[in-house]
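J.: just need the structure, nothing else, for what follows:
(4 chains)
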Amino acid sequence: MNYTASELMTINAARLLRDGDRVFVGVGLPNLACNLAMRTHAPHLVMIYEAGVIGARPSRLPLSIGDPTLVSGACSVVGMYDIFSLYLQRGYVDVGFLGGAQIDQYGNINATVIGDYHRPKVRLPGSGGSMEIAAWANRCYIITPHQKRRFPARVDFRTSAGFLGGRAEREATGVRGKGPQAVVTNLGILEPDENGELILTALHPGATFEQAQENTGWPLRAAPRLLTTEPPTAEELRILREELDPQGIYLKGS
Amino acid sequence: MNYTASELMTINAARLLRDGDRVFVGVGLPNLACNLAMRTHAPHLVMIYEAGVIGARPSRLPLSIGDPTLVSGACSVVGMYDIFSLYLQRGYVDVGFLGGAQIDQYGNINATVIGDYHRPKVRLPGSGGSMEIAAWANRCYIITPHQKRRFPARVDFRTSAGFLGGRAEREATGVRGKGPQAVVTNLGILEPDENGELILTALHPGATFEQAQENTGWPLRAAPRLLTTEPPTAEELRILREELDPQGIYLKGS
Amino acid sequence: MTNKLCSLNEAIAQFVHDGDTIYAAGFTHLIPFAAGHEIIRQGRRNLTLARATPDLIYDQMVAAGCARKIIFSYIGNPGVGSLRIVRTEIEAGRLEWEEYSHFSMISRLQAGAAGLPFMPMNPTAAGDLERVNPNYRRVTDPYTGREVVTVPPLTPDVAIVHVQRADVHGNAHIWGIIGEQKEAAFAAKTVILTAEEIVDEAVIRSDPNRTLIPDFVVDAVCHVPYCAHPSYTQGYYDRDNAFYLEWDKISESPEETQRWMEEWVYGVKDRTEYWQKLGEETHRRLHVRPRLSHPVNYGDY
Amino acid sequence: MTNKLCSLNEAIAQFVHDGDTIYAAGFTHLIPFAAGHEIIRQGRRNLTLARATPDLIYDQMVAAGCARKIIFSYIGNPGVGSLRIVRTEIEAGRLEWEEYSHFSMISRLQAGAAGLPFMPMNPTAAGDLERVNPNYRRVTDPYTGREVVTVPPLTPDVAIVHVQRADVHGNAHIWGIIGEQKEAAFAAKTVILTAEEIVDEAVIRSDPNRTLIPDFVVDAVCHVPYCAHPSYTQGYYDRDNAFYLEWDKISESPEETQRWMEEWVYGVKDRTEYWQKLGEETHRRLHVRPRLSHPVNYGDY
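T.: Residues are numbered from 1 along each chain as shown, chains lettered A, B, ... in the order given. Next up, the predicted model:
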């Protein structure tokens, strides 16, 4: 069966979600992953958007986190202060999706600058909600293409916290969230080991450990039992292609 | 013309209000005073209730600060946190009305206990909103019958701040409000002098300085030019009796 | 979203335990009297009762012996005068208490709801409440060097929140005086929702900005019409001011109080029976004619 | 309550001055583009532009040379990619900036709106933004001894807030994504309200819980239909996603950007002319069918 890298990542991310999870979700692939999970194994998933929307029921594919289709028919809409304090800081968010230009060995993310902060070589969008999502969501997932420049050993700037210099260091800070639980790439899945270092725990069908190692900026280790992910099913692909993104806005191309 | 002490106090309190004032108002006499002012010289008065109601248009006499008639037809209704933070603490309240069991020489008010706090002789209702109103409203007014036990030299408990031990002491605390501007009693009006001490500045028609002195718990001083208040007009009494409190719930009796 | 509909009797039995801290929400509006009466009937003991304004609901629960302690910011019979039973018990040294201003009380709930360890407030210059309550502390503002007053979070074991309409999952629309309903629900560990009406989810979703409480903070949804009598529910029935005046007399005498309790709390099975017992004259007196909001257009995107 | 109705041209002329700090509110919704364009036309300089998400409105104002500095928490073209002009100017060292997370940014407004000297937030463990922005500080929680992160109040000289409907005094109903509209209005020294519809006071008073902004914080009320295009107004018109994509191309070239500005900002008198110029095809494309809220009953007390 043929599928794109985006479809593969979206389907694997969807499988990580549990029924009943309250997910702080951005647009793009995380939004598709949540909607896919709702239509398959997690019908009771609750989607929360940082724009203040809870329990969205979009009737079309939202093209920004502020798309009005997220509001019409939602359970609740609240202000920005409430969504970050009463929902996220209070601990009502189970899952956060994160992305960024760089993810390092310990799952720290840079979405701020490449180069020096005060004289940036590349100025990136910045934190948005991610600094707090990474800290306070119970579990975080990252979806990103597997490329060496995206996986440096150390990020240029820690926009949001993974395990810092190791799991013990994050735990010592007392932040409530458990940190990144998985990074889904087009080659496989990375998960933190007992020290919080990201190691390869699964490969997608056809991908090799060498490919993953080549595209990672630190000496990537594989889990003792390296799994192979189940390939996307026909039903998963049908839902993505026919129901969720019929125009292929997010899923076509790569 | 005949009038009760309550009518006299209400009318004199109403006259202290300025057109456009935003008044943090309780029920009872302050509510009547505001409504009277709106129907006479201050048509643009804005009534704010600590229950979170702004710009109330009660179509009947409200019997508690939570009366539903305050809500139907109001400009805005907000939660308790907002009314105390965005409105009162932020500085959007011009006038606050206060009351209490004891008012002392410097306008400090006790609404908490008579006797020792931990073994109270008389347990009073407590602060409610008054601790913050007294601090943050630009001007405060107090309406109270003139009785010696209500005017001790020092209150047993400072529920809300007048001028503390004198005007300089209040100013040193940096609180934004200017403190009590007038105490309206059934005998006359007390106002703070340059040190923040309450002195008698006006007597109602027929009342004497000696009466006021006898009913005050400190050596009451009179202003150099002791004024006499204008007696209630027929129109003021008509509005109070016919429009605002036709059943005499607040105005009859004393 | 799961269906959490159950009877108030079941909700209290399951979620309210001896020794709990309870926050029966509602600032002068939507006071869940029916839940208070059910707690009395089920004989809970040693509760800590927190409310900005204890109102008659806590006066009655204290009279019934449910409470060990009270946390409040104003103890009065609103619009009438003294809250006699709470006052008497405090004066007699039989009831512990902890006291705040309204703003401090709601700031405590706000801290609890926001997951913060404290909330700052500007100083009020009135030092005596700060002096007698060690929960008031001070922190130096790191920008100006001036001090702010702080209070710690209030995180009740159970919040009881009455609302106008909710779906069976617990998404709730509230209007009129909204007081601390939202903050109490988010601050509490367990939330019992009582609702005048259980409505279809589509009614809730037609106006998401009106949903102050989302289903996932709610543990039980109880359909309890007239739950707030003698307080009121905006748009549903009026405040029974006559009863507030009557309570002032009843509560003067412990015997009268117990007699009233026998008749109106122990003597009825639930709120339906209570409301029927009030009779048609009262129903008529508290009836309110409709005054509808102008709808808004969310757009069919 | 005074009638504050005036044209947007008059409001900007009177209330926005060179060197001011401006907060054009609206988190992905209700973005007051028309006001941004009017500020460009009136040639304001050295502004500090604060917004959680600068969006195209600040990209355009920066391109027009209005800004000295930008305060933000996310600079992207939402749903599209990079915000090219702001990004280029920062990378070239021609634009000062001050940066927060979304929560810190809204906490700054909340502090400003509440009259507090700071707002506390729980630490996030990600130290780098705290390290590079000295406005982040720390305070020790007086209850647990642990640290919280603080930000100081943001009190813009002018907040520009677009709303669905307002009366001539400035009482405003807002629904859909409400973002930081209320906080910006309370935090600012001056408030310019733009509204899709000016309605009778009775419409506002039919639903007071919907009034997020009361008249007395507002200085000017401007009737500006379609003010938010290419952003949107819930229930009134859709987001023009095609333009967000188009801007990604236009803003790649300074010449194209200036050409666009000549045609769509300097080349039109006001929003009415702009909207007409967009043409019927666009009007049709952004049209939205109605979906009304279920009304609520306040009761005729």
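
J.: and the nearest residue to residue A:92 once chain neighbours are set aside, what are its bridge partners?
T.: Excluding the flanking residues, the one nearest residue A:92 by Cβ to Cβ, 6 or more residues apart in numbering or on different chains is residue A:22, at 6.1 Å. Yep, even glycine has a C-beta here, placed from its N, CA and C like the rest. Assessed by DSSP bridges, residue A:22 has beta-bridge partners residue A:46.

J.: and the pLDDT for residue A:253?
T.: Note on residue A:253: pLDDT of 62.

J.: also residue C:39?
T.: 98.

J.: assign a three-state SS to it, would you?
T.: Using DSSP: H, G, I helix; E, B strand; the rest coil, the secondary structure recorded for residue C:39 is helix.

J.: and it, what does it touch?
T.: Going by Cβ atoms under 8 Å, 6 or more residues apart in numbering or on different chains, residue C:39 touches C:12, C:16, C:22, C:47, C:61, C:66.

J.: now do residue A:153
T.: A:104-105, A:217-218.

J.: just the strands in chain A please.
T.: For chain A, strands defined by DSSP state E occupy the ranges A:22-24, A:46-49, A:53-54, A:76-77, A:95-98, A:102-103, A:109-110, A:113-115, A:120-123, A:139-143, A:180-184, A:188-192, A:198-203, A:222-228.

J.: as TSV, the ones you listed with mean pLDDT and mean neighbour count would be great.
T.: Conversion of the strands of chain A to TSV gives the following (pLDDT from 0 to 100; neighbours: other Cβ atoms under 10 Å in any protein chain shown):
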stretch	mean pLDDT	mean neighbour count
strand A:22-24	95	25
strand A:46-49	94	27
strand A:53-54	97	26
strand A:76-77	98	28
strand A:95-98	96	26
strand A:102-103	98	25
strand A:109-110	97	26
strand A:113-115	96	18
strand A:120-123	96	16
strand A:139-143	97	24
strand A:180-184	98	24
strand A:188-192	98	24
strand A:198-203	98	21
strand A:222-228	96	12
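
J.: thinking again about what came up before, closest to chain C among the contacts of residue A:153?
T.: Nearest to chain C among these, counting by Cβ to the nearest Cβ, is residue A:104 at 27.8 Å.

J.: near chain C, which residues of the stretch 101-250 of chain A?
T.: Within the stretch 101-250 of chain A, the positions near chain C by Cβ under 8 Å from any Cβ of the partner chain are residue A:176.

J.: what stretches of the stretch 101-250 of chain A score poorly on pLDDT?
T.: Along the stretch 101-250 of chain A, segments meeting pLDDT under 70 are nowhere present.

J.: quick check: residues of it near chain D?
T.: Near chain D, when you scan the stretch 101-250 of chain A using Cβ under 8 Å from any Cβ, you find A:108, A:112, A:117-123, A:125-132, A:134-136, A:157-161, A:164, A:170, A:173-176.

J.: so, low pLDDT: which residues of the stretch 51-200 of chain C?
T.: Of all residues in the stretch 51-200 of chain C, none has pLDDT under 70.

J.: for it, what spans make up the helices?
T.: C:55-63, C:84-91, C:102-114, C:128-132, C:181-187 (DSSP state H, counting those that start in this stretch).

J.: so for residue A:209, which of those sits nearest?
T.: Among the helices of the stretch 51-200 of chain C, the nearest to residue A:209 by Cβ to Cβ is helix C:102-114 (45.2 Å).

J.: just checking that closest one against chain B, any contact.
T.: Yes: counting by Cβ under 8 Å from any Cβ, chain B has neighbours in helix C:102-114: C:102-104, C:106-107, C:109-110.

J.: got the residues of the stretch 151-300 of chain C near chain A?
T.: Within the stretch 151-300 of chain C, the positions lying close to chain A (Cβ under 8 Å from any Cβ) are C:171, C:182, C:186, C:204-205, C:208-209, C:211-212, C:214-217, C:298-300.

J.: those residues in strands, which ones?
T.: Those of these lying in strands (DSSP E): C:211-212.

J.: and the two most separated of the residues of the stretch 151-300 of chain C next to chain A?
T.: Maximum pairwise distance in these, criterion Cβ to Cβ, is 31.1 Å, between C:186 and C:300.

J.: so the two - more neighbours on which side?
T.: Applying other Cβ atoms under 10 Å in any protein chain shown to residue C:186 and residue C:300 shows that residue C:186 carries more neighbours, namely 26 against 15.

J.: name the nearest residue to the more buried one, ignoring sequence neighbours.
T.: Closest residue to residue C:186 apart from its sequence neighbours, by Cβ to Cβ, 6+ apart: residue C:113 at 3.5 Å.

J.: coming back round to it: buried ones among the contacts of residue C:39?
T.: Among the contacts of residue C:39, the ones that count as buried by 16 or more other Cβ atoms under 10 Å in any protein chain shown are C:12, C:16, C:22, C:47, C:61, C:66.

J.: looking at those, which is nearest chain A?
T.: Checking the buried ones among the contacts of residue C:39 against chain A by Cβ to the nearest Cβ gives residue C:22 as the nearest, at 19.9 Å.

J.: what pairs with the closest one across the strands?
T.: Note on residue C:22: beta-bridge partners residue C:49, residue C:158, judged by DSSP bridges.

J.: I'd say it and residue C:54 touch.
T.: No: under the criterion of Cβ atoms under 8 Å, residue C:22 makes no contact with residue C:54, lying 11.5 Å away.

J.: which one of the residues of the stretch 151-300 of chain C next to chain A is nearest residue C:251?
T.: Within those, the smallest distance to residue C:251 is 31.1 Å, found for residue C:182 (Cβ to Cβ).

J.: and the closest one, how many neighbours?
T.: Count around residue C:182 with other Cβ under 10 Å applied: 27.

J.: distance-wise, check it relative to residue C:198.
T.: Distance of residue C:182 to residue C:198, given as Cβ to Cβ, to the nearest Å: 20 Å.

J.: give me every residue that touches residue A:161.
T.: A:108, A:131, A:134-135, A:170, A:173, A:175, A:179, D:124-126.

J.: now, which of those lie within helices?
T.: Of the contacts of residue A:161, the ones assigned to helices by DSSP state H are A:131, A:134-135, A:170, A:173.

J.: residue numbers of the stretch 101-250 of chain C in contact with chain B?
T.: Near chain B, when you scan the stretch 101-250 of chain C using Cβ under 8 Å from any Cβ, you find C:101-104, C:106-107, C:109-110, C:121-129, C:132, C:146, C:175-183, C:231-232, C:234, C:238-239, C:241, C:244.

J.: wait, residue C:5 sits on residue C:166?
T.: No: if you go by Cβ under 8 Å, residue C:5 and residue C:166 don't touch, sitting 9.5 Å apart.

J.: okay, and the common contacts of these two?
T.: Both residue C:5 and residue C:166 are in contact with C:198, C:221, where contact means Cβ under 8 Å, 6+ apart.

J.: ok, the two, which is more surrounded?
T.: Applying other Cβ under 10 Å to residue C:5 and residue C:166 shows that residue C:166 carries more neighbours, namely 32 against 19.

J.: leaving out chain neighbours, which residue sits closest to the residue of chain A lying at maximal distance from its centre?
T.: Most distant residue from the mean C-alpha position of chain A: residue A:119, 28.7 Å away (Cα atoms, centre = their mean). Excluding its sequence neighbours, the residue lying closest to residue A:119 (Cβ to Cβ, 6+ apart) is residue D:93, at 7.0 Å.

J.: what do you get for residue C:248?
T.: Leaving out its chain neighbours, the residue that sits closest to residue C:248 by Cβ to Cβ, 6+ apart is residue C:80, at 5.1 Å.
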